[in-house]
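K.L.:
below is the sequence, then the predicted model.
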Amino acid sequence: MIRALGCPSRCSTVVIMALLTLANAPVHAQPPTCAWDHGITLPGCEGRTVRLLSDGGLGLLAVSAHSTGEDKSGPTNGRGTLRLHHVLEQGRLDPNLPAEGAVFFIPALSPTDQPRSQLVRVLPDGEGGAWVLVGACNPFLPKVRCWETAIARLLHVTSAGVLYPGWPDQGIVLPALRTPEVPNVWADMVEDGAGGVVVAWLQALGTTGNVATRAQRFSPDGTPQWTGGLAGRDLLPSNVPRSALNVISDRQNGAVVVVTRPLPSPAGNTSLLAARVSQSGQSLWGAFGSQVLDMPNEAEAVLGITVDVFGYTFIAAGLTNLTTLERHIGTQWLDDAGNQLWGPLGIEQGTVSQGPVATASIGATHAIAWLDALGTARYQTLDESGSPTWGPALEGVPATWSGPAVPLLFVPLPDGHLLAAYPAVPAHDSSFARVIELDGGGAPVAGWPDSGTVVCGTHSGHVFADAVLLGDYLFAGIGSIDGPYVAPKLQRMTRAALGVKPPLPLRVLELRPLSPNPSRGPWSVSFALQLEATVMLEVFDIAGRRVLERELGRFAPGPHVMPAADAGGLPAGVYRVRVRTPLHSAERMLVRVR
C-alpha cells in the first residue's frame, strides 16, 4: 500500500509526460473543495516514503522514512531516521511537534553499509500514537552486506513523538532475516484489541531450508505476552523451507498468517499454508496449520488476503502452471477452524499478468480486482458458495477507470458499496490518484464519473503514495514534484465531497443500549434496521470465546426489541454482545452481576 516518493533521475521526462497526458486527458467535473484546500505539505520530507493512520480523532498521523536512508534536513543526514507527523482536523500541523516532524528513531551506523529503515507496517495505538514495524540492516553481522541479511525492528511512538517510556532507543529487534533466497524482511503485525500488537515473522534457522514461522504479542510497554519472549512461539513446523509471509487480523484480536512453502520437487512447486493464532497465543488451526490449495503442477503465491465479518479468511493466490507457465488466480475461503470451504482446488479466476491483487470482503461476499494477461483491470465478486456475481466466472467485469491499475485502497462501505482509490495513467513511476465508489453490481454509484474522481485536483506527474479511509473521511498522501525531490502532501476528503449523498440518520444496523445493563436475570437487545435482514446474536466472554450464538429471525426495516432467550443464565462477568446481519454487525458491552 506504499510507494516510494523519491523522484528518479528522469524527472524532466516525467514533467513532459505529465503535460502531454493532461493535454489529452478527458475532463470531468471536479468535486467540491477538499477539506484541506490544496493539501498539507510535510516539511523536511523530500524523498521520503509515508504511511498514514488515524490519530484517534479526526486528524491524521504520518510516519515517514527516506527511501534511500538519507535525510536532507537537520543533524540526522544519512542516518535513515523515522519521523512522526501530526496533521490536526483543521488542516494544520500539530504545534506541539517539530515543524519537520518528531524524530523518534535513528538507527545505529553499520560498519559495512548505511542503515535504512524500510517501513513495513504502521498501526494506531488507540492513544494518539503509533506502532511501527521496519526492516533494517543487521548491525550484529558486520561482515555481511545489508542486502544479504536484515532484521525487523518494532517501535512504539507516543502522540508526543517520543518512544514509549522504557522502550529501547533501537526498538525491539526481531530475528526476521532475509537472504538471497529470502529476499525481503518477512515480518508484519496486526492490532491485538488491547492497545498492543501481534507480530509474526519468518526466521531462518541456519539455512533457508529450515525456516521458522513465529509470532509474539507485545503490550504497549514492549513486554512479550506469550511464552517464548523475543524469540516468539512457533506457529508452523520449522523443518520446511519458506519464502514469503502474509499477515492479517482475524477480526477477533488474533492473526491469520499465510506462508509460501517450496515443495521438494525439481519442477519448482510451491504451496500455501495458513495458521491462525488467538489473542491468548493459542494456535487455533493446529500445529501443522491448514493447506490453502492443493494444486498439482502449480506454483502458488499469495496475492491478497481479507477476513470477513464472520472471521472467515478469503485468499487470492497466483497460480503458475509449471508446464505452460500460464498465470491465473485461484481463490479459497477458510472457515474459522481453517477448513477449505471451496474444496482443495478452490475457485479459479481469470488469467493474471502480475500481482498483487486487491481484495475486500462485504459480509460473506468477496471482491477481487486484478490485471488480466492483457493488462486490463477487472473485478469479480464471489458469494459464500464461491459463485461469481459480476460477469463471467473467469473474466468478471472490466474496470471503468482508464489505464492499467489495481487499487491501492479497496475497502467496503457500510451500505454494501466498495470504495477504490487507484493510481491513474502511470507514466515513468508517476501517477495521479482517482477515487471511485462502486455499487452492489460493480457499477459506479450515480453521480460518479465513470473513471472516478481526481483526488483534490491532482494530476499526472504526482505520485500516489498511500490512502486510508477513516469513517466518512478519506485521507490521501500525494507526492507533488518540487525540484529533484517529491514533497508529500496530505489531503482529507469527505464522502459528500466525493459526490455521495450524506448518510441517512438511521444506520444500516443500529444496536441500541442493552436493557437492563447491568443485569441479573433476563435481558433484551434493541436494534434498528434500514433494510430487511436476518439477524444473529452472539455473546463473547472477556477472553474472546463465543459463549452463545443464536438466530433471532428475519426482521423488516425499523426498530425491534428481542429478549435474549436462554442468555439470562450467563454467570457474572463482562461480555461483548454482537448483533449482525449478513452484511453488517454492531457490538455493545454487557455486565452480568450476581
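P.N.:
Alright, I've got the coordinates.
K.L.:
could you report the pLDDT at V463?
P.N.:
On pLDDT, V463 comes in at 71.
K.L.:
would you state the strands of the stretch 301-450 of the chain in chain order?
P.N.:
313-321, 327-334, 347-351, 354-362, 365-371, 377-382, 397-398, 409-412, 418-427, 430-438 (DSSP state E, counting those that start in this stretch).
K.L.:
tell me what angle the last one forms with strand 365-371.
P.N.:
For strand 430-438 against strand 365-371, the angle between stretch directions is 150 degrees (axes from the mean of the first three to the mean of the last three C-alpha atoms, to 10 degrees).
K.L.:
packing partners of strand 430-438?
P.N.:
When contacts are defined as 3 or more C-beta pairs under 8 Å, 6 or more residues apart in numbering; DSSP states H and E, strand 430-438 packs onto helix 11-24, strand 418-427, strand 453-454, strand 463-470, strand 473-482. Any C-beta I mention is one placed from the backbone N, CA and C, and that applies to glycine too.
K.L.:
picking up where we left off before, and of the strands of the stretch 301-450 of the chain, who's closest to A160?
P.N.:
Closest of these to A160 is strand 409-412, at 28.9 Å (criterion: C-beta to C-beta).
K.L.:
strands paired with the closest one, and their directions?
P.N.:
Applying DSSP bridges to the sheet, strand 409-412 is found paired with strand 418-427 (antiparallel).
K.L.:
could I get the CA-only coordinates of the biggest strand by length in the chain as PDB?
P.N.:
Looking across the chain with DSSP state E, the single longest strand is strand 207-218. Extracted in PDB, the C-alpha atoms of strand 207-218 (Å, rounded to 0.1, in the frame of the first residue of the first chain):
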ATOM      1  CA  THR A 207      19.700 -22.400   6.300                       C
ATOM      2  CA  THR A 208      16.700 -21.200   4.200                       C
ATOM      3  CA  GLY A 209      15.600 -24.900   4.100                       C
ATOM      4  CA  ASN A 210      14.800 -24.600   7.800                       C
ATOM      5  CA  VAL A 211      12.700 -21.600   8.400                       C
ATOM      6  CA  ALA A 212      10.500 -21.000  11.500                       C
ATOM      7  CA  THR A 213       7.200 -19.100  11.400                       C
ATOM      8  CA  ARG A 214       7.000 -17.300  14.700                       C
ATOM      9  CA  ALA A 215       4.800 -14.800  16.400                       C
ATOM     10  CA  GLN A 216       4.600 -12.800  19.600                       C
ATOM     11  CA  ARG A 217       2.200 -10.400  21.200                       C
ATOM     12  CA  PHE A 218       3.600  -7.200  22.800                       C
END
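K.L.:
buried set for it?
P.N.:
208, 211-218 (16 or more other C-beta atoms under 10 Å).
K.L.:
wait, isn't Y473 in contact with L490?
P.N.:
No - taking contacts as C-beta atoms under 8 Å, Y473 lies outside contact range of L490: 11.6 Å.
K.L.:
between the two, who's got more neighbours?
P.N.:
Higher neighbour count among Y473 and L490: L490, with 23 against 18, using other C-beta atoms under 10 Å.
K.L.:
quick check: bridge partners of the more buried one?
P.N.:
I40, G477.
K.L.:
let's have the strands of the stretch 301-450 of the chain in CSV, adding mean neighbour count, mean pLDDT and distance to G44.
P.N.:
Compiled in CSV, the strands of the stretch 301-450 of the chain are given as follows (neighbours: other C-beta atoms under 10 Å; pLDDT from 0 to 100; distance: least, C-beta to C-beta, whole Å):
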stretch, mean neighbour count, mean pLDDT, distance to G44
strand 313-321, 23, 91, 39
strand 327-334, 22, 92, 42
strand 347-351, 19, 86, 44
strand 354-362, 20, 84, 31
strand 365-371, 24, 90, 35
strand 377-382, 24, 88, 36
strand 397-398, 15, 82, 42
strand 409-412, 21, 89, 26
strand 418-427, 22, 75, 25
strand 430-438, 25, 77, 22
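K.L.:
with distance to C45 added, can I get those strands in TSV?
P.N.:
Output for these, formatted as TSV (distance: least, C-beta to C-beta, whole Å):
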stretch	distance to C45
strand 313-321	33
strand 327-334	37
strand 347-351	39
strand 354-362	26
strand 365-371	30
strand 377-382	30
strand 397-398	37
strand 409-412	21
strand 418-427	20
strand 430-438	17
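K.L.:
relative to L82, which of the ones you listed is closest?
P.N.:
Here strand 409-412 is closest among these (C-beta to C-beta), at 22.9 Å.
K.L.:
show me where pLDDT drops low in the stretch 151-300 of the chain?
P.N.:
Scanning the stretch 151-300 of the chain for pLDDT under 70 picks out the ranges 176-185, 206-209, 239-243, 263-268.
K.L.:
can you give me the strands in it?
P.N.:
In the stretch 151-300 of the chain, the segments counted as strands under DSSP E, counting those that start in this stretch are 172-174, 187-191, 197-205, 207-218, 233-236, 244-249, 255-262, 270-277, 290-291, 298-307.
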